[in-house]
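Novice: My questions concern the predicted model and sequence given below.
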Amino acid sequence: MRILAVVGGLAIIVGIGAAIFFFGGFYSVAGTAEDPAIVRWALTQVRMASINRNAHDQPPVSINDPASVQAGANAFAAHGCTNCHGGPGVNWAKFSEGLHPDPPDLKEVVDHRSPAQLFWVVRNGINMTGMPSFALAGAKDNEIWSIVAFLKKLPGVSEADYKAWTVPPPALAAPTPSAAAPAPPAEIK
Ligand code: HEC
């Protein structure tokens, strides 16, 4: 009985101490504050456990299809992924060096992740980090699958390929005169 009272008393003291520590402003939320190693380890474990439990979707079409890979490269550029992660021949924006945790270099990560895991992360984002949910940002699932197709090939994509795949086709930039003005109907003889 006495032991229980002591344990209960200690729990209350720890609870009050934690409340003062967090709500009294003693815990620093500064992005410059380094997390202790145990917090970093725990965050990674929790992230991977959550992704593993939730990421089960399978690609609707083959993600090896070159057209998907190229469309994915274009979507990757258009959604601004390079600002944080960089890409083949493209540097990340300077501000991303101020993000905490660091956005990883994706070509070093993608071989260790399944398509389902990549899809889930890009679709849902990672809460309380800089990684946005691209479903909330307006990307459709099939577009996200094309990004996954591109990501799985990323380690082998050359700068030249990436450049070629992310340039909009000239037909979109400048419609040809014949398309703009349909020919008059032929005269009936
Ligand atoms: C504003 C910055 C930002 C943008 C833009 C961004 N990301 Fe991220 N991304 C992050 C950060 C930060 C992390 C690391 C989160 C963590 O460590 O938990 C991350 C993590 C990831 C991961 C998980 C890596 C792993 O270890 O499993 C993938 C995959 C990813 N991003 C893909 C993308 C794609 C694709 C886009 C564009 C559609 C994108 N990101 C846009 C900041 C960003």
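Specialist: All right, it came through fine.
Novice: Any residues of the protein in contact with the ligand? List them.
Specialist: By the criterion of CB under 6 Å from any ligand atom, the positions of the chain lying close to the ligand are 47, 76, 79-81, 83-85, 96, 99, 101, 103-104, 106, 109, 113, 118, 121-122, 126, 129-132, 134, 147. In short, each C-beta sits where N, CA and C put it, glycine included.
Novice: which ones are touching the spatially most central residue of the chain?
Specialist: The C-alpha lying nearest the average C-alpha coordinate of the chain belongs to residue 122 (CA atoms, centre = their mean; 4.1 Å). Neighbouring residues of residue 122 by CB atoms under 8 Å, 6 or more residues apart in numbering: 134, 139, 144, 147, 148.
Novice: show me what contacts the second one?
Specialist: Applying CB under 8 Å, 6+ apart, we find residue 139 in contact with 75, 79, 122, 123, 147.
Novice: which of these tops the neighbour count?
Specialist: residue 147 (27 neighbours; other CB atoms under 10 Å).
Novice: Pull out the buried residues from the longest helix along the chain.
Specialist: Secondary structure of the chain per DSSP state H: the longest helix is helix 2-23. Across helix 2-23, burial judged by 16 or more other CB atoms under 10 Å covers no residue at all.
Novice: Can you show me the CA trace of it as CSV?
Specialist: Taking C-alpha atoms only, helix 2-23 is exported to CSV below (Å, rounded to 0.1, in the frame of the first residue of the first chain):
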residue,chain,number,x,y,z
ARG,A,2,2.8,2.4,1.0
ILE,A,3,4.8,1.5,-2.1
LEU,A,4,1.7,2.4,-4.3
ALA,A,5,1.4,5.7,-2.6
VAL,A,6,5.1,6.5,-3.2
VAL,A,7,4.8,5.5,-6.9
GLY,A,8,1.6,7.6,-7.3
GLY,A,9,3.3,10.5,-5.6
LEU,A,10,6.3,10.3,-7.9
ALA,A,11,4.1,10.0,-11.0
ILE,A,12,2.4,13.3,-10.0
ILE,A,13,5.7,15.1,-9.4
VAL,A,14,7.0,13.9,-12.8
GLY,A,15,3.8,15.0,-14.4
ILE,A,16,3.9,18.5,-12.9
GLY,A,17,7.7,18.8,-13.7
ALA,A,18,7.0,17.9,-17.4
ALA,A,19,4.1,20.4,-17.6
ILE,A,20,6.3,23.2,-16.2
PHE,A,21,9.2,22.2,-18.6
PHE,A,22,7.0,22.2,-21.7
PHE,A,23,4.3,24.8,-21.0
